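**Q** Structure, please.
(2 chains)
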Amino acid sequence: MDHLRSILENEAPHLLEKRETKPRKEGLTELTDATQGKVVLRFAPNPNGPLSFGHARGLVINSTYRNMYDGVFILRFDDTDTKVKPPMLEAYEQIVEEATWLTGRAPDRVIIASDRMDHYYQHAEQMLENGFGYVCRCSAEEFKEHRQAKTNCPCRDQIPSDNLTLWKGMLKGTYKPGDAVVRVKTDMELKNPALRDWPALRIQDTKAHPHPRPEVGSTYTVWPLLDFQSAVEDHLQGVTHIVRGKDLMDSTRKQTLLYEHFGWKYPETLYWGRVKVHEWGGFSTSQMRKDIESGLYDGWNDPRLPTLSALRDRGIQAKALEQFWLELGITQKDISVPLATLYAHNTKAVDDKAPRLSFVRDAAAFNLEGEHPLDVKVPVHPNHDDMGWRTWTLNEGTIWLEADDVAKMDVRLKEFADVELHDNEARITSIERQDSHPIVHWLPASHASEGILLETKNNQIQRISGQLEHHNHKAGTIVQLERIGYARVMDDGCLMLCHETTDEP
RNA sequence: GCUCGUAUAGUGUAGUGGCCCAUCAUGAAGGACUCUCAUUCCUUCGACCCGGGUUCAAAUCCCGGUACGAGCACCA
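**A** Numbering: from 1, shown residues only, chains lettered A, B, ... in the order given. Below is the predicted model of the structure:
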């Protein structure tokens, strides 16, 4: 090897020079077949509750692609189930608002499936007329057997006119839920059992389970299933690219078969794997809904819940969520991530703007003894003089110290003086800083009031009481409590810790 | 069971046959700066699932195994 190297050095030294390393890929991978200005993307959450952490991925990825290609981003409500996953009326508005907050702009288009039933009916009829769909009157169990045995169900051979008659019957309310369903004719021999003559529309009892939107209510009893509704709508909206979870891979295959029947071109599709968060495990919208109704949680923005509104109320910035999801990209791997990663992004988003504030937990009172200047001036932000100063006037002698710091005996009151602690006395030993005194945060009693810091820990909300520095930050401001962490101002006396601490093992 | 998918440091991620004794972030440990246990900066730690094959050359291509995940709903 060394010999070869020396030969090369003499004969062709340029071969030994290191070539420039390829730059690391930045941002999302390019979409295939994407033309600037011609890309149409959509994200379709079920409005059966407000958005949660996982939904942020769909929003961030799709809207980032929208921006990359100067395309169109559609927010679509797939609200076609009134019984198993009934929509929540308030969620429609809230989701649009949350999506706007997260992506920094309103969706280019908002589509509500329950407004567009006529389109789905038309396409169902077209399907029956052209013989690539049929009305199946088998029970779910009966059909399941056909699917497994790869045998055609008797309804499959009905001629279009008979199917149309049955379809009219479905619309008129002749059948009850489960009595009739419209199927897409694929092939019962297909390798993947999920694709064999899949159901496209079914009957729902909207008298017993009305749609929560008053303009829809009990108007319709025949409803499209996701695979059909979504496929037709994607075509009508001219969607060019779909990015979605890989649990929907079979959905793509079903829909591609439908597109072939209609003679449409299916959008380019990308998938991501499942994401779990260490600290949260599994949460489903319907489970959260139950737990809120039963009183286990205070509401959708309960800080223990992984909803977007809860995260937002805890002071997680849209930018941090965006960075977090972009960093994960769109791999199909199933992953489990710690919240620490999100918090690291949030710290970056928040620190430079966060005013500093003192909060003394489990405050112990001390009398200040000794000579000292009357005023203490502390910066609002150590790196930004232009953010101003906090001035504390020490006309009274009482100061607050954290219970945990009291044990240290000799401490440096941050930005002020070294003191010795005896009983309830804090005797000033030096105004100048002496080495080796641990620096602690503190407050003069005249500039502090009783306050509460809320922290989510082990799925509990801890209320930490203490003395909070007087301030006039508006509710919603993210401050940094010195030596504690970032917190969001709830109201004058109450703060919420942004990044909960984890107990050391 | 059938079908489909994925496997790179503790956690994520880059890498599409030679730029790779493998990138970046996060994490952990140490340090500098700092009158915060913050921010910023520096250093260190640590990985190509296993076994075959193709090739002059494999993290990368092929086959097999293993592990994990998803779908097989008249839910989305």
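
**Q** where exactly do the helices run in the stretch 351-500 of chain A?
**A** A:403-406 (DSSP state H, counting those that start in this stretch).

**Q** Tell me the residue of it that sits nearest RNA strand B?
**A** A:Arg483 (3.2 Å; C-beta to the nearest atom of the strand). Bear in mind the C-beta positions are built from the backbone N, C-alpha and C, glycine included.

**Q** Next, count neighbours for that residue.
**A** Using other C-beta atoms under 10 Å, A:Arg483 has 15 neighbouring residues.

**Q** With the one 4 residues further on instead?
**A** When neighbours are defined as other C-beta under 10 Å, A:Ala487 has 25 of them.

**Q** Can you tell me the element A:Lys38 falls in?
**A** For A:Lys38, there is no helix or strand it lies in under DSSP states H and E.

**Q** contacting residues around the residue lying closest to A:Glu469 once chain neighbours are set aside?
**A** In space, and not counting its chain neighbours, A:Glu469 is closest to A:Ser358: 4.3 Å by C-beta to C-beta, 6 or more residues apart in numbering. Each residue near A:Ser358 by C-beta atoms under 8 Å, 6 or more residues apart in numbering is listed here: A:441-443, A:448, A:468-469, A:481-482.

**Q** next one: A:Val110
**A** Here A:Val110 is in contact with A:74-77, A:96 (C-beta under 8 Å, 6+ apart).

**Q** any weak-confidence spans in the stretch 151-300 of chain A?
**A** A:282 (pLDDT under 70).

**Q** can you map out the helices along it?
**A** Going by DSSP H, counting those that start in this stretch, the stretch 151-300 of chain A shows helices at A:160-172, A:226-237, A:249-262, A:285-293.

**Q** quick one: which of these is nearest A:Val216?
**A** Closest of the helices of the stretch 151-300 of chain A to A:Val216 is helix A:226-237, at 14.0 Å (criterion: C-beta to C-beta).

**Q** Point out where chain A drops to low pLDDT.
**A** A:1-26, A:282, A:502-505.

**Q** most centrally placed residue in it?
**A** A:Phe53 (2.3 Å; C-alpha atoms, centre = their mean).

**Q** returning to what we had before: top of the contacts of A:Ser358 by neighbour count?
**A** Most surrounded of the contacts of A:Ser358: other C-beta under 10 Å gives A:Trp442, at 29 neighbours.

**Q** In the beta-sheet assignment, what are the partners of it?
**A** Counting by DSSP bridges, A:Trp442 is bridged to A:Leu401.

**Q** and it, what does it touch?
**A** Per C-beta under 8 Å, 6+ apart, neighbours of A:Trp442: A:358, A:360, A:399-401, A:413-414, A:416.

**Q** same for RNA strand B: which of those are within range?
**A** Contacts with RNA strand B within the contacts of A:Trp442, counted by C-beta under 7 Å from any atom of the strand: A:414, A:416.

**Q** Next step: the contacts of A:Trp442 restricted to strands.
**A** If you go by DSSP state E, the contacts of A:Trp442 have A:360, A:399-401, A:413 in strands.

**Q** Could you save these as CSV and add columns showing neighbour count?
**A** Listed next are the ones in strands among the contacts of A:Trp442 as CSV, based on neighbours: other C-beta atoms under 10 Å:
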residue, neighbour count
A:Val360, 26
A:Ile399, 26
A:Trp400, 24
A:Leu401, 24
A:Leu413, 24
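
**Q** any idea what sits nearest A:His278, other than its immediate chain neighbours?
**A** A:Pro338 (4.7 Å).

**Q** I meant to write A:Val216 there.
**A** Per C-beta to C-beta, 6+ apart, closest to A:Val216 is A:Ser114, 4.7 Å.

**Q** dump the residue contacts of A:Val232.
**A** A:119-120, A:123, A:224 are the contacts of A:Val232 under C-beta under 8 Å, 6+ apart.

**Q** end to end, how far does stretch A:234-246 reach?
**A** Using C-alpha to C-alpha, to the nearest Å, the end-to-end distance of stretch A:234-246 comes out at 18 Å.

**Q** quick one: is it near RNA strand B?
**A** Yes. Using C-beta under 7 Å from any atom of the strand, stretch A:234-246 reaches RNA strand B at A:Lys246.

**Q** Same question for stretch A:461-474.
**A** No. Against RNA strand B, stretch A:461-474 shows no contacts by C-beta under 7 Å from any atom of the strand, the least distance being 12.6 Å.

**Q** Show me what that stretch is in contact with.
**A** A:303-304, A:355, A:357-363, A:390, A:400, A:402, A:443, A:445, A:447-456, A:479, A:489, A:493, A:495.

**Q** One more pass at 7 Å, please.
**A** A:303-304, A:355, A:357-363, A:400, A:443, A:447-455, A:479, A:489, A:493 (C-beta atoms under 7 Å, 6 or more residues apart in numbering).

**Q** Run the chain-centre distance for that stretch.
**A** Relative to its parent chain, stretch A:461-474 has a centroid offset of 28 Å by C-alpha atoms, centre = their mean, to the nearest Å.

**Q** cool, and stretch A:428-445?
**A** So, by C-alpha atoms, centre = their mean, the centroid of stretch A:428-445 is 43 Å from its chain's centroid.

**Q** Flag every buried residue along it.
**A** Neighbour-count burial for stretch A:428-445, counted by 16 or more other C-beta atoms under 10 Å, picks out A:428, A:437, A:440-445.

**Q** On the C-terminal side of the longest helix seen in chain A, identify the next helix or strand.
**A** Determined from DSSP state H, the single longest helix within chain A is helix A:53-69. Scanning forward in sequence from helix A:53-69 by DSSP H and E, the next helix or strand is strand A:72-77.

**Q** Show me what that following strand is packed up against.
**A** strand A:40-43, helix A:53-69, helix A:89-103, strand A:109-112 (3 or more C-beta pairs under 7 Å, 6 or more residues apart in numbering; DSSP states H and E).

**Q** just checking, the residue of the stretch 351-500 of chain A closest to RNA strand B touches A:Ile439?
**A** No. The criterion here is C-beta atoms under 7 Å, and A:Arg483 misses it with A:Ile439 at 8.5 Å.

**Q** From what I see, A:Leu166 and A:Ala180 are in contact.
**A** Yes. Assessed by C-beta under 7 Å, A:Leu166 is found in contact with A:Ala180 at 6.5 Å.

**Q** Name the residues contacting each of those two.
**A** Common neighbours of A:Leu166 and A:Ala180 (C-beta under 7 Å, 6+ apart) are A:Val135.

**Q** From RNA strand B, how far off is A:Asp250?
**A** Distance of A:Asp250 to RNA strand B, given as C-beta to the nearest atom of the strand, to the nearest Å: 4 Å.

**Q** what does A:Arg156 give?
**A** Counting by C-beta to the nearest atom of the strand - A:Arg156 and RNA strand B are separated by 14 Å.

**Q** Unless I misread the structure, A:Arg147 falls within a strand.
**A** No. Under DSSP: H, G, I helix; E, B strand; the rest coil, A:Arg147 sits outside any strand and is assigned helix.

**Q** residues in contact with it?
**A** Applying C-beta under 7 Å, 6+ apart, we find A:Arg147 in contact with A:193, A:196.

**Q** if I look at it, how far off is A:Ile335?
**A** To A:Ile335, A:Arg147 is 33 Å away according to C-beta to C-beta, to the nearest Å.
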